[in-house]
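Asker: everything below, folded, please.
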Amino acid sequence: MKQLQKIFLQGLVTFLPIALTIYIVYAGISIVDNFLGNSLRQVLPVYIPGLGFLLTIIIILLLGLILNNILASGIFEKIEQKITQVPFIKAIYSPLRDLMNLFSKGGGPGGLQKVVLVDIADNGIRALGLVTRENFKDVPAIDQNAGGRIAVYIPMSYGLGGFTLMVPRERITPLDMPIEKAMSLAITGWVKAEKNDGEKP
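Answerer: Okay, the predicted model is just below:
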């Protein structure tokens with residue numbers, strides 16, 4: 001009986017990640033496909049499944065190409081300024097835009113800048129964090145009270161959430177680690193790390 005349980009658990013451990021990955025990818029494609037697919041179904045005599053997804057990808061690529069043009073980028077910025085003047089829309093759009101910019105820029109200016117270990121307390125407990133900004137000149141109220149602190153995002157394990165701390169510079173230790181690797185380790189709770197990583201906390 002124990003041998004049967006062991007075989008079942010081994011199969012379950014292999015099956016679940018594969019099944020969940022397929023489900024998440026399928027659900028994501030379905031959501032994107034339905035975004036334009038529902039409208040296309042009413043216009044086209046025959047709708048091909050996946051056409052909405054393909055059209056959405058094409059629109060995103062075209063939008064990216066258009067925004068690479070200086071003139072088009074300037075026009076979009078003016079439109080964006082008008083949109084963010086509407087209080088309710090600003091409360092939704094601005095945080096989403098800032099979040100996308102944060103991760104899309106990665107290690108560049110305005111994005112996640114570096115991986116650090118943060119001294120949480122004097123008892124030696126540390127947390128893995130990502131520096132999000134090192135100055136607050138655009139937020140005077142915080143800049144006046146920051147006292148040389150920097151903002152560090154601490155991701156939560158097994159989720160997409162986290163929290164941000166204002167940390168004194170002397171309480172952080174920079175790590176030579178890619179941001180993507182740090183996020184992967186944090187999200188999975190460090191359950192499994194590759195043998196040849198070479199990073200030491």
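Asker: and the closest residue to G50 other than its chain neighbours, how far from R41?
Answerer: The shortest distance from G50 to any non-neighbouring residue, by CB to CB, 6 or more residues apart in numbering, is to D33 (6.0 Å). For the C-beta atoms, the positions are set from N, CA and C on the backbone; glycine is no exception. D33 sits 11 Å away from R41, going by CB to CB, to the nearest Å.
Asker: ok, these two, which is more surrounded?
Answerer: Set side by side, D33 and R41 show more neighbours around D33, with 19 against 14, by other CB atoms under 10 Å.
Asker: how close does the more buried one sit to T21?
Answerer: Applying CB to CB to D33 and T21 gives a distance of 18 Å.
Asker: likewise for G162?
Answerer: 23 Å.
Asker: who has more neighbours, these two?
Answerer: Taking other CB under 10 Å, G162 and T21 do not tie; G162 has more neighbours (15 against 10).
Asker: looking at it, the more buried one is touching T132, isn't it?
Answerer: No. Taking contacts as CB atoms under 8 Å, G162 lies outside contact range of T132: 10.4 Å.
Asker: between those two, which contacts overlap?
Answerer: Shared contacts of G162 and T132 (CB atoms under 8 Å, 6 or more residues apart in numbering): Y153.
Asker: where does this protein have low pLDDT?
Answerer: Residue ranges of the chain with pLDDT under 70: 98-113, 159-160, 192-201.
Asker: how about the helices in it?
Answerer: Using DSSP state H, the helices of the chain run over residues 2-43, 51-67, 70-83, 87-104, 140-143, 179-187.
Asker: figure out which of those is closest to Y153.
Answerer: Distance to Y153, taken as CB to CB, is lowest for helix 87-104 among the helices of the chain, at 8.6 Å.
Asker: not counting its neighbours along the chain, what's nearest V116?
Answerer: I172 (4.3 Å).
Asker: thank you, goodbye.
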